[in-house]
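[1] A structural model of the following input is requested.
(chains A, B, C and D)
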Protein chains: 2
Amino acid sequence: MKPIPTRTVERLFRYGQLLHAKKEAGAEAVFSRELAQAVDVSPEQVRRDLMNFHLKGTPQQGYPVEQLLRKLYEHLETQAATKIALLGVGNLGKAILSYFLRRRPNLSIVAAFDTDPEKAGRVYAGSQVYHISQLEKIAARENITVGVITVPAASAQQSADLLVKAGIRAILNFAPTQLQLPREIYLENIDITLSIEKAAYFSRKSGTDRRHGK
Amino acid sequence: MKPIPTRTVERLFRYGQLLHAKKEAGAEAVFSRELAQAVDVSPEQVRRDLMNFHLKGTPQQGYPVEQLLRKLYEHLETQAATKIALLGVGNLGKAILSYFLRRRPNLSIVAAFDTDPEKAGRVYAGSQVYHISQLEKIAARENITVGVITVPAASAQQSADLLVKAGIRAILNFAPTQLQLPREIYLENIDITLSIEKAAYFSRKSGTDRRHGK
DNA sequence: AGAGCAACGTTAATTGATTCACGTTATTTG
DNA sequence: CAAATAACGTGAATCAATTAACGTTGCTCT
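    Reported below is the predicted structural model:
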């Protein structure tokens, strides 16, 4: 299988959203133009993306929703259940726990961790909260592969190190710090403050129609 | 003044973070290599970025921290206070209100809005909560230029329309929807679920060392 | 059945961002 | 004070991603 560029993967997931909606609505076919609009790219871009894993559409009808969706999920391996750990049960951590609860059937935050012994033992938004010292044990037991960091910037690197030691393969980091990680770990950063700063910056600039965001 | 690419602007903000820390620590000069490491790019990239607004460094010393920081802030207009409105006082909205409280001196969320009349009139994390019907009036009065959307996907477009009507210039959207907006409004998307999905996807792929995230 | 068309698949061209490579410059050292 | 050096500034090359262009295909309509 050929490696698909990161940007493309992102769009594929987004196509999936629309496809799902279309399927629910009973539509049998979808045009590149529709997918394009939903993700704010050109139709050519969509067709090119779908080319990546050879799925033929036809003129007049476009692509068969059912089939496309199946192939998409197959490639994105959305079937495989992924277990996630969240580190840092503060305001943001809690929000993500409740926000994310049952949002995707195959992704679940199975455990949350904090340094505060007060928080350990409790259950928040369906997730058991453990003391951070339990991370390695529980990650191994539950086969957790993804970690979410919502701790303060000062302890983010330390949290990341713990996650790596616990054998996770990917990290989603909300702390405003550049984490140093082994090359084989996938890192995705979400820096909310940075995003607000960018928005503020461009709000002052004249009509630049740039569209961004993970 | 020449327009600076979005990607570059993002890095400039991040250089700012390190520079601020360096200044606090009393350092007078900084090398491109240091900035590069802090943001995980090459030193050449850093020098090229700084080229954009002609600030000369010297070999041996690198760039003068104080001066660079001043010029950076000047360009990024970090001085200008920006007022922000947040729509949707749910879990995520509340988390952002408290998370963001006094994080940046010149950016402040001056008002929060919700459709729930129960929430109106209360104060959350230093922000007054109003009913959504007050948006246009208050946005005008307070000169709010940036909107943050933390409402459910179903009402995100509606919220965006209201923000546009209220005269804001930039939107930070947390809802998993592609908003349709006039070209002159800057849009930045943060889709947490999508990011987790990406992390899950790449956690299954072999050692791709990609670094991403706004 | 043939003409028209609307959307697909793909190659080619373009654009933009990043990296390379190298000449330049200001110290530091023998 | 000349030589070495370490980092800067920048043109050129590379690389990746997007857009343009166009031949192909399979309906639809007369």
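[2] does the residue sitting nearest the centre point of chain A sit in a helix, a strand or a coil?
    In chain A, the C-alpha nearest the mean C-alpha coordinate belongs to A:Leu172, at 7.9 Å (CA atoms, centre = their mean). Counting by DSSP: H, G, I helix; E, B strand; the rest coil, the backbone at A:Leu172 sits in strand.
[3] hey, where'd the strands end up in chain A?
    For chain A, applying DSSP state E gives strands covering A:29-30, A:63-64, A:82-87, A:107-114, A:123-124, A:127-131, A:146-149, A:170-173, A:186-189, A:211-212.
[4] how close does the closest residue to A:Glu28 other than its chain neighbours get to DNA strand D?
    Closest residue to A:Glu28 apart from its sequence neighbours, by CB to CB, 6 or more residues apart in numbering or on different chains: A:Val65 at 5.9 Å. Using the backbone N, CA and C atoms, a C-beta is placed for each residue, glycine as well. When distance is defined by CB to the nearest atom of the strand, to the nearest Å, A:Val65 is 15 Å away from DNA strand D.
[5] next: A:Thr150.
    With CB to the nearest atom of the strand as the criterion, A:Thr150 and DNA strand D are 28 Å apart.
[6] neighbours of that residue, how many?
    A total of 27 residues lie near A:Thr150 under the criterion other CB atoms under 10 Å in any protein chain shown.
[7] just to revisit the earlier point, pick the most buried one from the strands of chain A.
    Each of the strands of chain A was scored by mean neighbour count; the highest is strand A:146-149, a mean of 28, by mean count of other CB atoms under 10 Å in any protein chain shown.
[8] can you tell me what sits against that one?
    Outside of strand A:146-149, the residues within contact range by CB atoms under 8 Å, 6 or more residues apart in numbering or on different chains are A:82-88, A:93, A:96, A:109, A:156, A:159-160, A:163, A:166, A:168-175, A:179, B:196, B:199-200, B:203.
[9] what are the ranges of the helices in chain A?
    According to DSSP state H, chain A carries its helices in the segments A:6-24, A:32-39, A:43-51, A:65-76, A:91-100, A:135-142, A:153-165, A:192-204.
[10] now these as JSON lines including mean pLDDT and mean neighbour count?
    Compiled in JSON lines, the helices of chain A are given as follows (pLDDT from 0 to 100; neighbours: other CB atoms under 10 Å in any protein chain shown):
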{"stretch": "helix A:6-24", "mean pLDDT": "94", "mean neighbour count": "18"}
{"stretch": "helix A:32-39", "mean pLDDT": "96", "mean neighbour count": "19"}
{"stretch": "helix A:43-51", "mean pLDDT": "95", "mean neighbour count": "16"}
{"stretch": "helix A:65-76", "mean pLDDT": "92", "mean neighbour count": "17"}
{"stretch": "helix A:91-100", "mean pLDDT": "94", "mean neighbour count": "22"}
{"stretch": "helix A:135-142", "mean pLDDT": "98", "mean neighbour count": "15"}
{"stretch": "helix A:153-165", "mean pLDDT": "98", "mean neighbour count": "18"}
{"stretch": "helix A:192-204", "mean pLDDT": "95", "mean neighbour count": "22"}
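[11] how many neighbours does the residue lying closest to A:Glu136 once chain neighbours are set aside have?
    Spatial nearest neighbour of A:Glu136, chain neighbours left out: A:Ala166 (4.6 Å); criterion: CB to CB, 6+ apart. Using other CB under 10 Å, A:Ala166 has 17 other residues around it.
[12] in CSV: the helices of chain A, plus distance to B:Asp114.
    Shown next, in CSV, are these (distance: least, CB to CB, whole Å):
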stretch, distance to B:Asp114
helix A:6-24, 25
helix A:32-39, 27
helix A:43-51, 36
helix A:65-76, 35
helix A:91-100, 15
helix A:135-142, 36
helix A:153-165, 29
helix A:192-204, 19
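[13] among these, which is nearest DNA strand C?
    When these are compared by CB to the nearest atom of the strand, helix A:32-39 sits nearest DNA strand C, at 3.3 Å.
[14] which other helices and strands contact that closest one?
    When contacts are defined as 3 or more CB pairs under 8 Å, 6 or more residues apart in numbering or on different chains; DSSP states H and E, helix A:32-39 packs onto helix A:6-24, helix A:43-51.
[15] got those helices as CSV, with distance to chain B columns?
    Formatted as CSV, those follow (distance: least, CB to the nearest CB, whole Å):
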stretch, distance to chain B
helix A:6-24, 5
helix A:43-51, 13
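[16] mind giving me the domain ranges of chain A?
    Under automatic domain parsing, the residue ranges defining each domain of chain A are A:6-76, A:82-194.
[17] show me the contacts for A:Gly62.
    For A:Gly62, the contacting residues are A:Ala29, A:Val30, A:Phe31, A:Ser32, A:Glu34, by CB under 8 Å, 6+ apart.
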